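1. Pasting a predicted model and its sequence here:
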Amino acid sequence: MTVDKTHPRYESLLFRDKIVKAGEQGLLAPSALISHGRGEAFDYLIGEKTTFPAKRAMYVAIASMIIAENPVISVNGNTTALVIDEIIKLAEELDAKIEINLFYRTPERIEKLAKLYEEHGYPNVLGTDDDDLEYINNLNSPRASASKEGIYTSDVVLVPLEDGDRAEILAETGKKIITIDLNPLSRTSKKSDISIVDNIVRAIPLMIEIAKDLKEENNLKLIQDIINDFNNEDNLQESLQEFKIKEEE
Ligand code: ATP
């Protein structure tokens, strides 16, 4: 399908199309389309704009990743379909690793995603079946698998569009968990240490710019102040207040 550029909902249709195509290529589980639809609905309600609390959480997320020992970005099919190049750029900017993590893990999907990262210039993606996989807290569940070099030994993990079960497992490890989730009421948003309530397609490009700015400032005190002044519960409440159920005049 080609998306008509003059359509009033062009952007939204474009990303929907990316998800549909990724589904056809076998990169996604069928339920991924439902997740995307849920995200679209929440995005509609925040006016498809990045809110102030979302931006604040992005600063804290980037500050935390800059001073992390082993920062990792966890990616699934949806994240890859929507923003693969931007994720690679962000990882490069932050000197972070990228690890594939799937709710419905199959060898075929893992292989296809790893190949796609390679084609986009990133050959070292973690979390593949060739990787040294461990189980977080010895939980014998695919939800708990993590690469030894990556999430398993990381101190700060960015897990966009994560499912609540896995977010809960990760939160119990004591690692700093950052999520991007348009639903401020999801278990993932509530369990994470830093919850960015925004669309990933707006968030990642903005986070790349924030990373560049903060690195250029090169001010450790500023970075620590950004982190210390943040309260995720308060920020989530503020994010929730951005949802409008009245049409704007
Ligand atoms: P939880 O278990 O955390 O309560 P869930 O299981 O209901 O969440 P999933 O379908 O597993 O939700 O995960 C999808 C989440 O990602 C949803 O909360 C959805 O709003 C969010 N989401 C989907 N697309 C995007 C997007 N493009 N940007 C940001 N968030 C998105």
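-> Cool, got the structure.
2. ok, the residue nearest to the spatial centre of the chain to residue 178 distance?
-> Nearest residue to the geometric centre of the chain (CA atoms, centre = their mean): residue 160, 1.9 Å. Distance, residue 160 to residue 178, by CB to CB, to the nearest Å: 8 Å. Where you see a C-beta, it was placed from the backbone N, CA and C, and this is true even at glycine.
3. Residue ranges in this protein under the pLDDT threshold?
-> 1, 246-249 (pLDDT under 70).
4. which residue ranges form the helices in it?
-> For the chain, applying DSSP state H gives helices covering 10-24, 31-45, 52-66, 77-94, 107-119, 164-171, 187-191, 200-217, 220-228, 232-241.
5. How far off centre is the first one?
-> Between the mean C-alpha location of helix 10-24 and the chain-wide mean there is a distance of 18 Å, by CA atoms, centre = their mean, to the nearest Å.
6. Just the buried positions in that helix, please.
-> Within helix 10-24, the residues that count as buried by 16 or more other CB atoms under 10 Å are 12, 15, 16, 18, 19, 22, 23.
7. If you count contacts, what does it end up packed against?
-> Here helix 10-24 touches helix 31-45, helix 77-94, going by 3 or more CB pairs under 8 Å, 6 or more residues apart in numbering; DSSP states H and E.
8. hmm, back to that, of the helices of the chain, which stretch is the most buried?
-> Across those, the average number of neighbours (mean count of other CB atoms under 10 Å) peaks for helix 52-66, which reaches a mean of 23.
9. relative orientation of that helix and helix 232-241 in degrees?
-> 140 degrees (axes from the mean of the first three to the mean of the last three CA atoms, to 10 degrees).
10. Just the angle for helix 52-66 relative to helix 200-217, thanks.
-> Going by the same axes, to 10 degrees, helix 52-66 makes 50 degrees with helix 200-217.
11. end-to-end on stretch 213-226?
-> 13 Å (CA to CA, to the nearest Å).
12. distance between it and the chain's centre?
-> With CA atoms, centre = their mean, you get 22 Å for stretch 213-226.
13. Over to stretch 213-228?
-> Worked out by CA atoms, centre = their mean, stretch 213-228 lies 22 Å from the chain centre.
14. hmm, who's touching it?
-> 59, 60, 62, 63, 64, 66, 67, 93 (CB atoms under 8 Å, 6 or more residues apart in numbering).
15. cool, and stretch 168-179?
-> 61, 64-65, 68, 136-137, 139, 141, 143-144, 151, 154-162, 167, 187-189, 191-196.
16. In strands, which of these fall?
-> Among the contacts of stretch 168-179, DSSP state E puts 156, 157, 158, 194, 195, 196 in strands.
17. in the sheet, who's paired with the fourth one?
-> To tie it back to what came earlier, the one meant is residue 194. residue 178 (DSSP bridges).
18. residues in contact with it?
-> Counting by CB under 8 Å, 6+ apart, residue 194 has contacts 57, 60, 61, 64, 176, 177, 178, 179, 230, 232.
19. Serialize those residues to TSV and add fields for distance to the ligand.
-> Below are these laid out as TSV (distance: CB to the nearest ligand atom, whole Å):
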residue	distance to the ligand
57	13
60	17
61	14
64	19
176	18
177	12
178	13
179	9
230	20
232	15
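20. Throw those residues into CSV and include distance to residue 240, thanks.
-> Shown next, in CSV, are those (distance: CB to CB, whole Å):
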residue, distance to residue 240
57, 13
60, 18
61, 19
64, 22
176, 22
177, 19
178, 18
179, 15
230, 16
232, 12
